[in-house]
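> Build me a structure from this.
(4 chains)
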2 protein chains.
Amino acid sequence: MSGNKNLNPHVSVDCVIFGYAEQQLKLLLIRRSLPAAQQDADRFLALPGDLVLEDEDLDQAAKRVLKELTGLDNVFLEQFAAFGAPERVKKEKDKQWLRSVRENPEARVITVAFFSLIDAAACRLQPGSFSAQAVWVPISEVPELAFDHNEIFEHALDELKRKIQLRPIGFELLPEKFTLSELQSLYEAILGRELDKRNFRRKLLRSGFLEALEEKQQGVANKPAQFYQLNRKKYEALGTGYVNLRLEGDDDYFLN
Amino acid sequence: MSGNKNLNPHVSVDCVIFGYAEQQLKLLLIRRSLPAAQQDADRFLALPGDLVLEDEDLDQAAKRVLKELTGLDNVFLEQFAAFGAPERVKKEKDKQWLRSVRENPEARVITVAFFSLIDAAACRLQPGSFSAQAVWVPISEVPELAFDHNEIFEHALDELKRKIQLRPIGFELLPEKFTLSELQSLYEAILGRELDKRNFRRKLLRSGFLEALEEKQQGVANKPAQFYQLNRKKYEALGTGYVNLRLEGDDDYFLN
DNA sequence: TTTCTTAGTGTATAAATGACACTAAGTTTA
DNA sequence: TAAACTTAGTGTCATTTATACACTAAGAAA
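Modelled structure (predicted):
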């Protein structure tokens, strides 16, 4: 990938991009093809990721790679962990693929992983310039991925479950304007449990991160719901701080 | 450093080790000497860190490097971020030092940072096999450090402030048995604000992570305090989960 | 025996939590 | 055009948790 730029053969970035569509939390993956790929069995899925350039910061690299492989731009990526097991690039299938695309396919590669939440519906995925093709996969149907990408994904999902209770980041997955029911469904999809409607609304509204819009839903076969949007000022004021959004049900410790 | 093992010239680990002694939160640093060091001005302080070995996992590397440079063993290190700005190893003073110890001093190095809390009083620091010498420095007196180590340290301190409110990790900094007043002073030192004694005790005791011992202080010129120890079972059951230890005063968002 | 120092305790008010069930507003359908 | 259907939206009560606040207890030192 990345043509013939000056790559650092030892360090890569990988992006775990979560999206939400059709009531499901999804993961963005790319299809990699083995050298002489002729059928689907010769293709496999991986997180969007690649080596960093010699003169590039890690965050830049993550943005660039994501753009190159999926067409996505202007995504806020947050670093969450580095993965560096020496054997992480040593599975036979991965080595085969590496030999076809890397100048130094035997090199040990440490990867720095980023994650992000985006509105899956709003983004048009552009297949990368090469054979890479980006697809959304429901998180419950994520197959075996390249390298240690399953581990990276699981790690990111844990992180998401935690963070969503400490920072009002859920909005990022929804369109600019959304209803509280949509937001609640999203939280339920992420946390994997149901939440009480009234308590959820009370908590989220009291947090002050939501602004009611004038507008309501139209053309739905039931009482139209109020639209809300993120209160950007308040959100930005939070910076990287945490807020207690702890939702019911985390009886003792949360997550786990 | 590390003799002539098979080093990966592109990836290093750095350890941010916090300790507590004399009522102060301290940072463990090592003194590096420039090639022809003759006076103190030729020495400078850095986080304990070094390149990883080719066949070594990142966590292993952090443990090994910490041991080699400070003599510390059996320390639980937690990865918290990777730092990879291309210019992070390009300051003149750092380059001078790199030329004296590295085979490939011009290489760009990405570092994975770990942090840990230890009982500073209980550990005897052994100077590393080379000229490295480990010292505790109060966090309010940390000078300009090598590379981007000031940034790494600040980042770790933020992380500590957050984590201490989400996980009962403060104990790690104290001797096996400690009094609640000692624990409270420690929390105050970390958070940089005072806490209400009665509320603090109530909160910590109710969390269930503390066990009262029979034993009391002896020979103090006042009412002897009860000793407590960590409830290891409960602590281990928590795993990597979070618990709401949020202490008073984080009025709206915590940290910042 | 008085003084000094830190340990240790309780309460009252205010706020947040969590469990719980009905009405409101539209569209569709018979 | 009325009835049926679907999802939106709301309030209360009992319990728990948060916070602010001041005195007594135990031992050592003077």
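> In the stretch 1-150 of chain A, where is pLDDT below threshold?
Scanning the stretch 1-150 of chain A for pLDDT under 70 picks out A:1-5, A:35-42, A:127-132.
> how about the helices in it?
With helices called from DSSP state H, counting those that start in this stretch, the stretch 1-150 of chain A shows them at A:58-70, A:92-101, A:149-163.
> List the buried residues of the longest one.
By 16 or more other C-beta atoms under 10 Å in any protein chain shown, the buried positions in helix A:149-163 come out as A:149, A:152-153, A:155-157, A:159-163. Quick note: C-beta positions are derived from backbone N, CA and C, even for glycine.
> outside of it, which residues touch it?
The contact list for helix A:149-163 (C-beta atoms under 8 Å, 6 or more residues apart in numbering or on different chains) reads A:14, A:16, A:18, A:27, A:46-47, A:49, A:80-81, A:83, A:111, A:113, A:115, A:117, A:139, A:142, A:144-145, A:169, A:190-191, A:254-255, B:240, B:242.
> now with 7 Å?
A:14, A:16, A:18, A:27, A:46-47, A:80-81, A:83, A:113, A:115, A:139, A:142, A:144-145, A:169, A:190-191, A:255, B:242 (C-beta atoms under 7 Å, 6 or more residues apart in numbering or on different chains).
> Show me which of those are buried.
Neighbour counting with 16+ other C-beta under 10 Å marks A:14, A:16, A:18, A:27, A:46-47, A:80-81, A:83, A:113, A:115, A:139, A:142, A:145, A:169, A:190-191, B:242 as buried within these.
> rewinding a little: go through the buried residues of helix A:149-163 and say which is closest to DNA strand D.
Using C-beta to the nearest atom of the strand, A:Arg162 comes nearest to DNA strand D of the buried residues of helix A:149-163, at 18.4 Å.
> Tell me the spacing between the closest one and B:Phe80.
Distance, A:Arg162 to B:Phe80, by C-beta to C-beta, to the nearest Å: 14 Å.
> quick one on the thing from earlier: can you tell which of the helices of the stretch 1-150 of chain A is closest to B:His10?
helix A:58-70 (12.6 Å; C-beta to C-beta).
> Just list what that closest one packs against, helices and strands only.
Other helices and strands packing on helix A:58-70, by 3 or more C-beta pairs under 7 Å, 6 or more residues apart in numbering or on different chains; DSSP states H and E, are strand A:7-21, strand A:24-33, strand A:49-53.
> if we go to 8 Å?
Where contact means 3 or more C-beta pairs under 8 Å, 6 or more residues apart in numbering or on different chains; DSSP states H and E, helix A:58-70 is packed against strand A:7-21, strand A:24-33, strand A:49-53, strand A:78-83, strand A:110-118.
> Tabulate those strands (a markdown table), appending distance to DNA strand C.
A markdown table is the format used below for the helices and strands packed on helix A:58-70 (distance: least, C-beta to the nearest atom of the strand, whole Å):
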| stretch | distance to DNA strand C |
| --- | --- |
| strand A:7-21 | 23 |
| strand A:24-33 | 22 |
| strand A:49-53 | 38 |
| strand A:78-83 | 25 |
| strand A:110-118 | 23 |
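> Now distance to A:Gln217 too, for those, in JSON lines please.
Below are the helices and strands packed on helix A:58-70 laid out as JSON lines (distance: least, C-beta to C-beta, whole Å):
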{"stretch": "strand A:7-21", "distance to A:Gln217": "18"}
{"stretch": "strand A:24-33", "distance to A:Gln217": "21"}
{"stretch": "strand A:49-53", "distance to A:Gln217": "39"}
{"stretch": "strand A:78-83", "distance to A:Gln217": "32"}
{"stretch": "strand A:110-118", "distance to A:Gln217": "23"}
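> Check whether A:Ser116 really touches A:Leu27, as I assumed.
No. Using C-beta atoms under 8 Å, A:Ser116 is not in contact with A:Leu27; the gap is 11.2 Å.
> from the buried residues of helix A:149-163, which is closest to chain B?
The closest of these to chain B turns out to be A:Arg162 (C-beta to the nearest C-beta; 6.3 Å).
> Distance-wise, check that closest one relative to B:Val112.
Distance, A:Arg162 to B:Val112, by C-beta to C-beta: 21 Å.
> Same question for A:Leu77.
Look at A:Leu77 and B:Val112: by C-beta to C-beta, they are 18 Å apart.
> Give me the more crowded residue out of the two.
Set A:Leu77 next to B:Val112 and count neighbours by other C-beta atoms under 10 Å in any protein chain shown: B:Val112 wins out with 26 against 21.
> Please name the residues that touch the more buried one.
With contacts defined as C-beta under 8 Å, 6+ apart, B:Val112 is in contact with A:82, A:84, A:110, B:11-14, B:58, B:62, B:79, B:81-82.
> The same query, at a cut-off of 6 Å, please.
Neighbouring residues of B:Val112 by C-beta atoms under 6 Å, 6 or more residues apart in numbering or on different chains: A:82, B:13, B:58, B:82.
> Any idea what it is bridged to?
On the basis of DSSP bridges, B:Val112 takes part in beta bridges with B:Val13, B:Ala82.
> Same question for A:Lys26.
Using DSSP bridges, the bridge partners assigned to A:Lys26 are A:Gly19, A:Pro138.
> State the pLDDT value of the nearest residue to A:Thr179 once chain neighbours are set aside.
In space, and not counting its chain neighbours, A:Thr179 is closest to A:Ala225: 3.8 Å by C-beta to C-beta, 6 or more residues apart in numbering or on different chains. pLDDT for A:Ala225: 97.
> Contacts only, for A:Ala225.
By C-beta under 6 Å, 6+ apart, the neighbours of A:Ala225 are A:179, A:181, A:217.
> Can you select the buried ones among those for me in PyMOL?
Those of the contacts of A:Ala225 that count as buried under 16+ other C-beta under 10 Å are selected in PyMOL with:
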select buried, chain A and resi 179
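> If we check DNA strand D, which of the contacts of A:Ala225 are in contact?
Restricting those to those within reach of DNA strand D (C-beta under 7 Å from any atom of the strand) leaves A:179, A:181.
> Narrow the contacts of A:Ala225 to those in helices?
Among these, the members falling in helices are A:Ser181 (criterion: DSSP state H).
> Does anything pack onto the helix or strand that contains A:Phe227? Which helices or strands?
A:Phe227 belongs to strand A:226-230 when assigned by DSSP states H and E. If contacts are counted by 3 or more C-beta pairs under 6 Å, 6 or more residues apart in numbering or on different chains; DSSP states H and E, strand A:226-230 sits against strand A:210-216.
> Could you export the strand it packs on as CSV, keeping only the C-alpha atoms?
Taking Å, rounded to 0.1, in the frame of the first residue of the first chain, the C-alpha atoms of strand A:210-216 are listed here in CSV:
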residue,chain,number,x,y,z
LEU,A,210,-28.1,17.7,24.4
GLU,A,211,-30.0,20.5,22.9
ALA,A,212,-33.6,20.1,21.8
LEU,A,213,-34.3,21.4,18.3
GLU,A,214,-37.6,22.9,17.1
GLU,A,215,-37.9,20.2,14.6
LYS,A,216,-39.7,17.0,14.9
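> and that strand, which residues are buried?
Buried, per 16+ other C-beta under 10 Å, within strand A:210-216: A:Leu210.
> Give the burial count for the residue lying closest to A:Phe83 once chain neighbours are set aside, as a bare number.
Leaving aside its chain neighbours, A:Phe83 sits nearest to A:Thr111 (5.2 Å; criterion: C-beta to C-beta, 6+ apart). Neighbour count of A:Thr111, defined by other C-beta under 10 Å: 25.
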